[in-house]
Every structure is written in structure tokens, then in C-alpha cells.
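Asks: sequence and predicted structure are below.
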Amino acid sequence: MNQFSWYDTSSEIDRYILWPGQACAYKVGEIKLLELREKAKTELGDKFDIKEFHRVVVGNGSMPLEILEDEVNKYIKDKI
């Protein structure tokens, strides 16, 4: 018995079959979010606040990545 024997993979398999683009979209979003966070950390230095960054990212709800990038750039500009 391995450590994951309790885990039912059939629901994940069904999800990938029925919604194949979801995993790809999730990963693209994750990569973009990490890129934007690193940009904010680099440009703001000691002024970077992870809580403020999270408010910028989730404060306006779901949005296209281009608009999210604009919002983060605006946040950076306003903090400098």
C-alpha cells in the first residue's frame, strides 16, 4: 500500500478528458502570476508587500491576464 492508495484518480482523469484545456490554462495563469509577483518584488524592493500584491491580484475578481498585468503594473507605478 503506497501513500496515495486512498486517492481516487478517476475524478481527475474524467476532468482532463472532459475539460482538457483547464490544466493548461491553470498552468499558464500560474506562470504569469509568478512572473508578475517577481517583477513587483524586483521593482519595489523593500516596498513590496505580499498582502497588498494579493489584494491587487484578487481584488477585482477574475480577469484576462493582460488586464491583470496592467493592474499589477499600475500597482507598481503607484508604489514607487
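Replies: Happy to help now that I have it.

Asks: give me the buried stretch members for the longest helix anywhere in the chain, please.
Replies: Taking DSSP state H as the criterion, the chain has its longest helix at helix 20-44. Neighbour counts over helix 20-44 (16 or more other CB atoms under 10 Å) mark Leu33, Leu36, Arg37, Ala40, Leu44 as buried. Just so you know, the C-beta spots here come from the backbone N, C-alpha and C atoms, and that holds for glycine as well.

Asks: how about the residues you listed in JSON lines, adding pLDDT?
Replies: Output for those, formatted as JSON lines (pLDDT from 0 to 100):
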{"residue": "Leu33", "pLDDT": "96"}
{"residue": "Leu36", "pLDDT": "97"}
{"residue": "Arg37", "pLDDT": "97"}
{"residue": "Ala40", "pLDDT": "97"}
{"residue": "Leu44", "pLDDT": "97"}
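
Asks: export those residues to JSON lines and tack on distance to Gly59?
Replies: Listed next are these as JSON lines, based on distance: CB to CB, whole Å:
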{"residue": "Leu33", "distance to Gly59": "14"}
{"residue": "Leu36", "distance to Gly59": "14"}
{"residue": "Arg37", "distance to Gly59": "15"}
{"residue": "Ala40", "distance to Gly59": "14"}
{"residue": "Leu44", "distance to Gly59": "17"}
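
Asks: pick the one among those residues closest to Gly61.
Replies: Checking the buried residues of helix 20-44 against Gly61 with CB to CB, the nearest one is Leu33 at 14.6 Å.

Asks: residues near the nearest residue to the closest one once chain neighbours are set aside, how many?
Replies: Distance criterion CB to CB, 6 or more residues apart in numbering; nearest residue to Leu33, sequence neighbours excluded, is Val57 at 6.8 Å. Neighbourhood size, Val57 [other CB atoms under 10 Å]: 17.

Asks: tell me which helix or strand comes right after the helix or strand containing Val57.
Replies: Under the criterion DSSP states H and E, the helix or strand holding Val57 is helix 50-58. For helix 50-58, the following helix or strand on the C-terminal side (DSSP H and E) is helix 65-79.

Asks: run through who's touching the least confident helix or strand in the chain by mean pLDDT.
Replies: Least confident helix or strand of the chain, by mean pLDDT, DSSP states H and E, is helix 10-18 with a mean of 83. Contact partners of helix 10-18, identified using CB atoms under 8 Å, 6 or more residues apart in numbering, comprise Gln22, Ala23.
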